[in-house]
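K.L.:
dropping the sequence and predicted coords here.
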Amino acid sequence: MRRLSLITLACALAVTACSAPAADVASRVEPAPATDLRTRLDAHFQAAARSGFSGAVLVAREGETVLRAGYSPGGTITPENAFWIGSLVKPITASAILKLVDEGRLSTNDSIGRFLGDVPADKREITIHHLLTHSSGLPHAYAAEGITDRGEAVRTILALPLKTRPGAEVSYSNDAFTLLAAIVEIASGRPYEEFVEQSVLNPAGMAHSGFWPGPASSIAPVGSMPRPEIARPNWGYRGATGMYSTVDDLLAFTRALRGGRIVSPGSAARAMGTQVDRSGDASDIGYGWFLAERSGVPLVTHSGAETGLDHYGWVYVLPASGLTLVLLSNSPEELAGQVSRGALRIILSAP
């Protein structure tokens, strides 16, 4: 199975940077009446459902819910449905790392050799910062898929040839976030899932989120089932992917992170702030997030895909207006992406 791959990077890079005077940006994000925005968004999703779209959406402005609903041709999807969120796990893993930073157990400047040991010579310059910002030089190989032993998973990833020298370029890598999950375990002395649950999910109130392979009862229908050899807990589903969640829980996560309830306010600012500044149309990189502008409006965003299961997700945070869009879908990837981009355009065009 190929989980979130280049969809996240493509979606992030598609959010093109635009220059605009500060006053113009402010005028674009003046709050629109919630009822007007709700009506436009609901019409968009109703039309999408008639064309085959299936998914749940939540749009909120600070403490106000603008739209919370499920849409599908048969009316079977509700906001209570959980979906596999693919690489939307990456901001969660990054939060776990920053929690360990706050606790003094590691630094983002630490070499990975401090925790992993026996690191090959060409990878000894890789730091935790590089892993968090997709600048480690590691490829996007899913090398740990199906491996149940942590040490074997780490060795397999570290045996991969580097694409670039550490720190030289941004190159999206699931394997880098799998190494971060291993570091979470080693630095905390607890299983990855346990530390994430206690340090991220519980403080955020994410009561309906969990880990692969998850409960079948609450999860929206999937397009296909995985191969038997990976349909069990394994390192291909730690750090970079391998969680299910709901629109409510993902909104709660963004609010808890920004509100300093998961990590310190300083660490939250590092997570959702620029750590790698890229020029042109490329999005900047935070710790587990992408940062860009669309129509002159700053966005903090990430997307996720479990392509083998046909589950996809998007989170867009608009800090200037306080609006957040969370969309989870079990539609085909192209349709789900079109619907997500259309909803974002409606939000950005709101007066």
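P.N.:
Nice, thanks for sending it over.
K.L.:
contacts only, for the nearest residue to Ile97 once chain neighbours are set aside.
P.N.:
Spatial nearest neighbour of Ile97, chain neighbours left out: Leu180 (5.8 Å); criterion: Cβ to Cβ, 6 or more residues apart in numbering. Backbone N, C-alpha and C define where each C-beta goes, glycine included. Leu180 makes contact with Thr93, Ala94, Ile97, Ile128, Leu131, Leu132, Gly239 under the criterion Cβ atoms under 8 Å, 6 or more residues apart in numbering.
K.L.:
between the two ends of stretch 162-173, how far is it?
P.N.:
Terminal residues of stretch 162-173 are spaced 11 Å apart (Cα to Cα, to the nearest Å).
K.L.:
now do it, average pLDDT.
P.N.:
Here stretch 162-173 scores 96 as its mean pLDDT.
K.L.:
in it, what counts as buried?
P.N.:
Neighbour-count burial for stretch 162-173, counted by 16 or more other Cβ atoms under 10 Å, picks out Leu162, Pro166, Gly167, Val170, Ser171, Tyr172, Ser173.
K.L.:
give me the below-cutoff pLDDT ranges for the stretch 51-200 of the chain.
P.N.:
Scanning the stretch 51-200 of the chain for pLDDT under 70 picks out no residues.
K.L.:
so which residues of it form strands?
P.N.:
Assigned by DSSP state E, counting those that start in this stretch, the strands in the stretch 51-200 of the chain fall at 55-61, 64-71, 83-84.
K.L.:
for those, which one ends up most surrounded?
P.N.:
Sort the strands of the stretch 51-200 of the chain by mean neighbour count, taking mean count of other Cβ atoms under 10 Å, and strand 83-84 sits at the top with a mean of 30.
K.L.:
partners of it in the sheet?
P.N.:
Sheet pairing of strand 83-84 (DSSP bridges) gives strand 243-245 (antiparallel).
K.L.:
roughly how far out does the strand it pairs with sit from the chain middle?
P.N.:
Offset of strand 243-245 from its chain centre (Cα atoms, centre = their mean, to the nearest Å): 11 Å.
K.L.:
Asp277: which of the buried residues of stretch 162-173 is nearest?
P.N.:
Val170 (10.6 Å; Cβ to Cβ).
K.L.:
wouldn't Gly337 be in contact with Ala305 here?
P.N.:
No - with contact defined as Cβ atoms under 8 Å, Gly337 and Ala305 do not form a contacting pair (9.2 Å).
K.L.:
which one of those two has more residues nearby?
P.N.:
Comparing Gly337 with Ala305 by other Cβ atoms under 10 Å, the one with more neighbours is Ala305, at 29 against 21.
K.L.:
packing partners for the particular helix or strand that has that one in it?
P.N.:
According to DSSP states H and E, Ala305 maps onto strand 297-306. Here strand 297-306 touches helix 6-14, helix 22-28, helix 89-102, strand 290-294, strand 311-318, helix 333-349, going by 3 or more Cβ pairs under 8 Å, 6 or more residues apart in numbering; DSSP states H and E.
K.L.:
let's go with 7 Å and repeat that
P.N.:
Applying 3 or more Cβ pairs under 7 Å, 6 or more residues apart in numbering; DSSP states H and E, we find strand 297-306 packed against helix 6-14, helix 89-102, strand 290-294, strand 311-318.
K.L.:
my read is Pro226 is in a helix, agree?
P.N.:
No - applying DSSP: H, G, I helix; E, B strand; the rest coil, one finds Pro226 to be coil, outside a helix.
K.L.:
please look at it and Gly308 and confirm they touch.
P.N.:
Yes - Pro226 lies in contact with Gly308 (Cβ atoms under 7 Å); the separation is 6.0 Å.
K.L.:
for the residue most central in space within the chain, give me its contacts.
P.N.:
Note on the chain: the residue nearest the mean C-alpha position is Leu88, at 2.3 Å, using Cα atoms, centre = their mean. The neighbourhood of Leu88, defined by Cβ atoms under 7 Å, 6 or more residues apart in numbering, consists of Leu250, His302, Gly304, Gly313, Val315.
K.L.:
drop anything exposed from the residues you listed.
P.N.:
Among the contacts of Leu88, those classed as buried by 16+ other Cβ under 10 Å are Leu250, His302, Gly304, Gly313, Val315.
K.L.:
restricting to C-alpha, output stretch 238-257 in CSV.
P.N.:
Extracted in CSV, the C-alpha atoms of stretch 238-257 (Å, rounded to 0.1, in the frame of the first residue of the first chain):
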residue,chain,number,x,y,z
ARG,A,238,4.2,4.9,13.1
GLY,A,239,5.2,8.5,12.9
ALA,A,240,4.3,9.3,9.4
THR,A,241,0.8,7.7,9.1
GLY,A,242,-1.3,5.0,10.8
MET,A,243,-4.0,6.9,12.7
TYR,A,244,-7.7,7.4,12.4
SER,A,245,-9.5,10.6,13.6
THR,A,246,-12.7,12.7,13.2
VAL,A,247,-13.2,16.2,12.0
ASP,A,248,-14.0,17.2,15.6
ASP,A,249,-10.8,15.7,17.0
LEU,A,250,-8.6,17.3,14.3
LEU,A,251,-10.2,20.7,15.0
ALA,A,252,-9.6,20.1,18.7
PHE,A,253,-6.0,19.2,18.0
THR,A,254,-5.3,22.5,16.1
ARG,A,255,-7.0,24.5,18.9
ALA,A,256,-5.1,22.7,21.7
LEU,A,257,-1.8,23.1,19.8
